[in-house]
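> task: produce atomic coordinates for the following.
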Amino acid sequence: MKKRNFKKNRKGAISVLTAILLIGLTAMIAFAIDVGYICVVRQQLQRSADSAAMAACWKMLDDDSTTGYDAPSIVESMARQEASLFASKNEVIQQAPTLSVSDVDIGYLADPSDPDSAFVVGGINPANAVKVRVRRADGVNGTVPLFFARVLGMGEISVQAEATAAL
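Numbers count the residues shown, from 1 in each chain. Next up is the predicted model:
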């Protein structure tokens, strides 16, 4: 019986295996970079929404609005302007976001300590809360470009964040 020397037949097997696994490893790294970038954009949008909601709420608490000298429509208009100002001061991907009128809701929050309580826009109760939505989407601040997902046919994505502040 003749013995075979398998060591000579296996030369280069690790090189082929490494090349195949390197493709998968590169794909996972590319996926992680895109997902990480989306998370950073989401965090920046949330920061912008939080500051805009807090600023608008503080503007509603201004001395004139609490003493009743200003009409509710004037207070809401000033709060919307303040929300837009503070949202634009917190850049998202090196671009100041803008808010549309529909992105800022001023209304009544029945139980401010409960985040799941009903938020009512308008109605008989005086406004005590502001809900702000900051987004990067088609038509509003532009979509978020992706780096490596273009290979799969997805070159951009829409991301948004929402914050509510109450008095």
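> tell me the first helix or strand C-terminal of the helix or strand of the chain with the lowest mean pLDDT.
The helix or strand of the chain with the poorest confidence is helix 63-67; it has a mean of 57 (mean pLDDT, DSSP states H and E). Note on helix 63-67: by DSSP states H and E, the next helix or strand toward the C-terminus is helix 72-89.
> mean confidence score for that next one?
Summarised as a single mean, pLDDT over helix 72-89 is 92.
> and the helix or strand that comes right after that helix, how far out from the chain middle?
Downstream of helix 72-89, the next assigned helix or strand under DSSP H and E is strand 104-109. Taking the mean of its C-alpha atoms, strand 104-109 sits 20 Å from the chain's own mean (Cα atoms, centre = their mean, to the nearest Å).
> strand 104-109 pairs with which strands?
Paired neighbours of strand 104-109 in the sheet (DSSP bridges): strand 119-121 (antiparallel), strand 129-136 (antiparallel).
> what's the neighbour count on the residue nearest to residue 135 when sequence neighbours are not counted?
Spatial nearest neighbour of residue 135, excluding adjacent residues (Cβ to Cβ, 6 or more residues apart in numbering): residue 160 at 3.6 Å. No exception for glycine: its C-beta is placed from N, CA and C like everyone else's. Number of residues near residue 160 (other Cβ atoms under 10 Å) recorded here: 16.
> tell me what whichever strand or helix holds residue 52 is packed against?
Secondary structure assignment for residue 52, by DSSP H and E: helix 13-60. For helix 13-60, the contact count by 3 or more Cβ pairs under 8 Å, 6 or more residues apart in numbering; DSSP states H and E identifies helix 72-89, strand 104-109, strand 129-136, strand 144-145, strand 159-166 as packing neighbours.
> figure out which of these is closest to residue 20.
Among these, the nearest to residue 20 by Cβ to Cβ is strand 144-145 (30.3 Å).
> quick one: that closest one to chain centroid distance?
The answer for strand 144-145 is 12 Å, by Cα atoms, centre = their mean.
> ok, it: who's next to it in the sheet?
Sheet pairing of strand 144-145 (DSSP bridges) gives strand 156-157 (antiparallel).
> what pLDDT, on average, does the strand it pairs with get?
The model assigns strand 156-157 a mean pLDDT of 96.
> which residues outside it are in contact with it?
Strand 156-157 has contacts (Cβ atoms under 8 Å, 6 or more residues apart in numbering) with 38, 143-146, 149.
> redo that, cut-off 6 Å
143-145 (Cβ atoms under 6 Å, 6 or more residues apart in numbering).
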